[in-house]
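>>> sequence and predicted model, in that order:
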Amino acid sequence: MFRSKILRKFLIAMLVLVAGYLSVILLVALPRVDTVIKSLEEKNAKEVLEKVVLLTEHAGKNLESFRQTSLLRHKKEMKNIVDVVHSMLKETYRESYIVPERREALKQDILEKLRHIRYGGNNYLFVLDYNATMLSHPYITAGKDMSRIADMHGKLIAPSIVNVAREKGEGYTSYWWMKDNDDKTPYEKLTYSRNCPMWKMVIATGVYIDDIQKEVARRKKELFQKLRDIMEKTKIGKTGYIYIFDEDKMIIHPNSNIDGMNFKTLPNPGRGTFIYDDLVKAAKGTGVLRYKWDKPDDKGHYVYEKISWVRYVPSLKLYVASSVYIDELEEESRRVYGQMIYLTFFVLIISLILGIWYLYRQLRPIHQLSDTAQEIADGNYAIRADVSSDDEVGLLANNFNRMVDRLEEQIVTLDRKIQEKTEALQKLAITDALTQLYNRRYFSEISVEMFHLGKRNREPLSVIMFDIDMFKHINDTYGHQVGDKVIVVLSTLVGQIKRASDIACRYGGEEFILLLPKTDRKGAFELAERLRKVIEDNKIVLEDGTVVKFTVSLGVSQVDYENDKDIEDVIRRADDAMYIAKRDGRNKTREL
């Protein structure tokens with residue numbers, strides 16, 4: 001049979017055809033599929049890194065907002081405590097007119113009391129006369145001349161404080177000072193001072209900047225823990241991971257031996273350099289670093305090719321990097337490559353039996369799979385290989401589709417997690433933690449928008465400003481925990497009374513504000529009165545049976561679009577009306 005020339009020619013033709021087919025598979029289709037799959041794996045790794053970088057940048061913005069808010073809160077706290085003391089001094093001065101012979105004794109008595117006042121941990125008050133002589137201080141003897149005492153930079157401390165208060169009435173200064181007698185290290189301190197002309201003295205208090213920075217550091221630690229939780233669940237390839245480091249040490253790394261360490265001197269044996277320097281250089285250049293490293297199951301043998309993508313986040317001065325072994329990126333392509341080889345030899349046997357027609361039929365699904373892989377590499381994750389045969393080509397297409405399904409699922413899952421974390425961070429940025437009402441920052445933004453919207457539509461817009469009467473007395477009598485409970489109960493009552501369209505905000509401390517769209521002064525006044533009566537009738541029963549009642553004073557104002565330049569004019573009128581309510585005996589509603 002094999003002596004037949006026709007058979008030999010047929011066999012030779014088939015061998016040539018099969019050889020050509022094998023050439024097409026091995027030289028065209030397989031390399032193309034291999035390239036596309038590698039590209040998909042690499043693209044997925046880059047997208048995962050970009051999403052973590054985006055989340056890190058959001059964390060940086062949130063951290064800066066928290067720092068600014070914390071600084072403003074401390075400034076307001078200092079001003080409030082000094083205002084209270086200033087009122088005490090004014091009252092004492094009026095009392096001294098009744099009994100002039102006791103004026104000096106009254107003065108010394110209140111100065112002595114100020115020495116023992118503490119707030120916010122270990123913050124204190126001190127008093128200077130116009131000659132920068134210390135009149136009251138918890139650590140410095142009264143009568144000491146402070147006019148020549150300078151901080152570590154040569155800045156005269158007391159004269160600066162006195163000059164700001166006398167020239168402007170009040171103001172902030174900063175200098176370097178020791179925290180107490182046991183700690184001789186100077187720290188930067190922000191001081192608020194106010195002039196008390198009736199006694200010819202200046203009252204002042206301060207807060208150490210590093211105390212604020214500690215609050216920011218705690219916030220930063222919380223944000224980084226959230227990043228850590230996300231990154232621990234994020235994998236690239238089989239064992240690849242994402243890590244974050246700064247100019248000093250590794251911040252987040254899945255390897256506990258490296259996490260938190262200063263790895264600036266960690267060698268990169270494959271290059272004869274330091275891995276930290278190589279990563280920083282890559283971040284400033286192409287963003288890609290290829291190097292050789294060891295594996296967990298083969299320690300000390302730096303022969304395995306590895307790739308890292310590195311991005312720098314300027315807002316936090318952090319580097320975000322992803323790292324994966326190159327053979328893991330190629331693992332899927334090698335698996336597909338092996339399946340394709342198996343399929344090719346299978347087709348070879350069938351081709352020798354069925355001939356050119358069957359050979360042509362086998363080429364079509366392979367080209368379709370390759371084209372599908374190319375479309376997916378171009379970003380079309382919705383497309384799938386439409387091959388329904390039950391042979392190896394169908395198995396390859398099914399596995400390929402499953403691989404693409406997993407890639408798409410990972411991307412969707414990561415997008416969802418980032419969206420959830422972003423929404424959580426955004427909510428933290430606009431919500432007051434104690435009352436769950438909006439905070440002042442959000443109110444400042446939305447009130448401007450509502451002002452311009454109301455002005456454009458010629459719709460009424462009103463503001464109710466109110467705060468808790470005798471709140472300091474509540475805190476002093478029952479403690480700050482009860483004071484916080486009063487604030488929470490008040491916030492709950494506000495939520496029950498206001499309309500869904502009204503915007504309620506904790507404006508600061510025990511002060512609250514309501515923004516009422518499409519509401520004139522009459523409607524706002526009626527709502528304020530209803531709120532005042534509900535609060536007046538409410539009571540809080542403590543665990544020991546003590547009943548705590550409280551009231552509020554309210555100020556109402558409506559926007560005058562003809563004369564008001566912005567919403568701040570309306571807020572000031574509401575604030576003035578509130579203070580008129582205070583002056584008229586509290587638990588009142590007044591309008592301007």
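Thanks, I have it. Numbers count the residues shown, from 1 in each chain.
>>> now D294. Its backbone dihedrals?
Dihedral pair for D294: phi -90, psi 180, per degrees, to the nearest 10.
>>> same check on the one 3 residues further on?
The phi/psi pair for D297 (degrees, to the nearest 10) reads phi -90, psi 10.
>>> likewise L437?
Dihedral angles for L437 - degrees, to the nearest 10 - are phi -80, psi 170.
>>> quick one: it and Y507 touch, right?
No: the pair formed by L437 and Y507 falls short of the contact definition of C-beta atoms under 8 Å, at 9.5 Å. In this view, the C-beta of every residue, glycine as well, is placed from N, C-alpha and C.
>>> give me the common contacts of these two.
Among the neighbours of L437, none is also in contact with Y507 (C-beta atoms under 8 Å, 6 or more residues apart in numbering).
>>> name the nearest residue to G270, ignoring sequence neighbours.
For G270, ignoring the flanking residues on the chain, the nearest one in space by C-beta to C-beta, 6 or more residues apart in numbering is K292 at 3.3 Å.
>>> tell me which element the one you found is part of?
Of the helices and strands defined by DSSP states H and E, K292 is found in strand 288-293.
>>> export that strand as CSV, just CAs?
Only the C-alpha atoms of strand 288-293 are listed here, as CSV (Å, rounded to 0.1, in the frame of the first residue of the first chain):
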residue,chain,number,x,y,z
VAL,A,288,8.8,50.0,36.6
LEU,A,289,11.6,48.1,38.2
ARG,A,290,12.9,44.6,37.1
TYR,A,291,15.2,42.8,39.3
LYS,A,292,16.2,39.3,40.7
TRP,A,293,15.0,38.1,44.1
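>>> off-centre distance for it?
On the basis of C-alpha atoms, centre = their mean, to the nearest Å, strand 288-293 is displaced by 32 Å from the centre of the chain it belongs to.
>>> how about stretch 133-140?
Average the C-alpha atoms of stretch 133-140, do the same for its chain, and the two points are 41 Å apart (C-alpha atoms, centre = their mean).
>>> swap in stretch 93-107?
Averaging C-alpha coordinates over stretch 93-107 and over its chain gives two centres that are 53 Å apart (C-alpha atoms, centre = their mean).
>>> run a quick neighbour tally on the residue nearest to G270.
When counting by other C-beta atoms under 10 Å, one arrives at 15 neighbours for K292.
>>> got a list of what it touches?
P269, G270, Y302, V303, Y304, E305, K306.
>>> closest one of these to K168?
Taking C-beta to C-beta as the measure, K168 lies nearest K306 of these, at 61.1 Å.
>>> buried ones in the one helix or strand that closest one maps to?
Here K306 is covered by strand 304-313, with elements defined by DSSP H and E. Residues of strand 304-313 classed as buried by neighbour count (16 or more other C-beta atoms under 10 Å): Y304, K306, I307, S308, W309, V310, R311, Y312, V313.
>>> residue nearest the centroid of this structure?
Centroid-nearest residue in the chain, with C-alpha atoms, centre = their mean: N62, separated by 3.0 Å.
>>> and the longest strand along the chain, which strands flank it?
For the chain, the longest strand by residue count, based on DSSP state E, is strand 183-196. With DSSP bridges as the test, strand 183-196 is paired with strand 170-180 (antiparallel), strand 201-208 (antiparallel).
>>> tell me, which of those is the model least confident about?
The stretch with the lowest mean pLDDT among the strands paired with strand 183-196 is strand 170-180, at a mean of 84.
>>> next, the buried residues of it.
By neighbour count, and taking 16+ other C-beta under 10 Å as the criterion, the buried residues in strand 170-180 are E170, G171, T173, Y175, W176, W177.
>>> and that strand, how far out from the chain middle?
Centroid separation for strand 170-180 versus its chain: 29 Å, with C-alpha atoms, centre = their mean.
>>> over to stretch 583-592?
40 Å.
>>> show me which residues of that stretch are buried.
Across stretch 583-592, burial judged by 16+ other C-beta under 10 Å covers N587, K588, T589, R590, E591, L592.
>>> what is the nearest of those to G287?
L592 (59.1 Å).
>>> is it true that that closest one touches R573?
Yes: judged on C-beta under 8 Å, L592 makes contact with R573 at a distance of 4.4 Å.
>>> now do the shared contacts for those two.
Common neighbours of L592 and R573 are listed as G555, S557 (criterion: C-beta under 8 Å, 6+ apart).
>>> returning to that earlier point: now do the buried residues in the strand holding K292.
Neighbour counts using 16+ other C-beta under 10 Å place L289, Y291, W293 of strand 288-293 among the buried residues.
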